[in-house]
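Engineer: fold the following, please.
(one chain, ligands or ions: 2)
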Amino acid sequence: MIELKNITKLYGEGGRKVIALNNVNVKIEAGAFTVILGPSGSGKSTLLNLLGGMDRASQGTMSINGTDVTDYDDHALSIYRRDVVGFVFQFYNLIPSLTALENVGIAGQLHHHGHNATVYLEEVGLTHRKNNFPAQLSGGEMQRVSIARALAKEPKLLLCDEPMGALDSKTGDKILLLLKAAAKKSKTAVVMVTHNAEFAAFADKVIRLHDGKIVSIDEKEKRV
Ligand code: ADP
Ligand code: MG
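Structural biologist: Ligands and ions are numbered 1, 2, ... in the order given. Below is the predicted model of the structure:
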């Protein structure tokens, strides 16, 4: 479990100072699908970046399974990102010159466990597309490849920044179900950022942000 306490994030100096996060308190649980919902500029990506060890808070503390990681240095953060965190981006970030299977295999090489890339591509229903290059795939298929790549790392924490942002709503729903299934199956903490309130219906927990502040936290423990 990741716990953020009294987190404030400031950008810039003096009159140009921006309060991206304002005294935020959040708990992220393993096996849960958490959605961070808010309009553009509300601090969603900032919060995701802090959770992923890509940035540090200006104030407040962060702990992971009870270990205080607030003062982790660059080296410790890079190990955390490498060993613990998986990322899914809005525009997939696949390598154009590698096939779907090879794109997934890249993440698998970072981490040593029993499975190979084929297993993860099968999990997202793309075995039949394994030898295709990204340019030969639809947006939804590319996003599924990028999810397979993230899952191949077997991350404890999977962070997704607007992963359906470039997809139609039907394809987006499929992506969401896939992410939610991943959370349940491997006890991963999946955190997804979106500005689209429709997607909150899938979540175990919905954190609403506005102007850097949390306006509500809605837990739906019994949701299927
Ligand atoms: P969201 O993802 O919800 O659109 P962000 O977390 O990207 O919001 O941004 C929150 C606020 O912080 C915005 O006002 C944004 O302009 C500002 N901000 C984000 N990153 C930076 C940065 N690197 N430098 C200065 N301001 C930033
Ligand atoms: Mg953002």
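
Engineer: Thr118: how many residues sit nearby?
Structural biologist: Neighbours of Thr118 under the rule other C-beta atoms under 10 Å: 15. C-beta here means a position set from N, CA and C on the backbone, and glycine is covered the same way.

Engineer: Ala148 now?
Structural biologist: So Ala148, with other C-beta under 10 Å, has 29 neighbours.

Engineer: from Leu179, how far off is it?
Structural biologist: Distance from Ala148 to Leu179, counting by C-beta to C-beta, to the nearest Å: 12 Å.

Engineer: for Leu50, same thing?
Structural biologist: The value you get for Leu50 to Leu179, if C-beta to C-beta is used, is 20 Å.

Engineer: residue contacts, the nearest residue to Pro163 once chain neighbours are set aside?
Structural biologist: Once flanking residues are discounted, Pro163 sits nearest to Val88: 4.8 Å by C-beta to C-beta, 6 or more residues apart in numbering. Contacts for Val88 (C-beta atoms under 8 Å, 6 or more residues apart in numbering) come out as 143, 146-147, 150, 158-161, 163, 179.

Engineer: return the member of these nearest to Gly12.
Structural biologist: Nearest to Gly12 out of the contacts of Val88 is Asp161 (C-beta to C-beta; 21.8 Å).

Engineer: how about that closest one: what's its closest non-neighbour residue?
Structural biologist: What sits nearest to Asp161 in space, not counting adjacent residues and going by C-beta to C-beta, 6+ apart, is Val193, at 5.0 Å.

Engineer: if anything else comes up later, I'll come back, but that's it for now.
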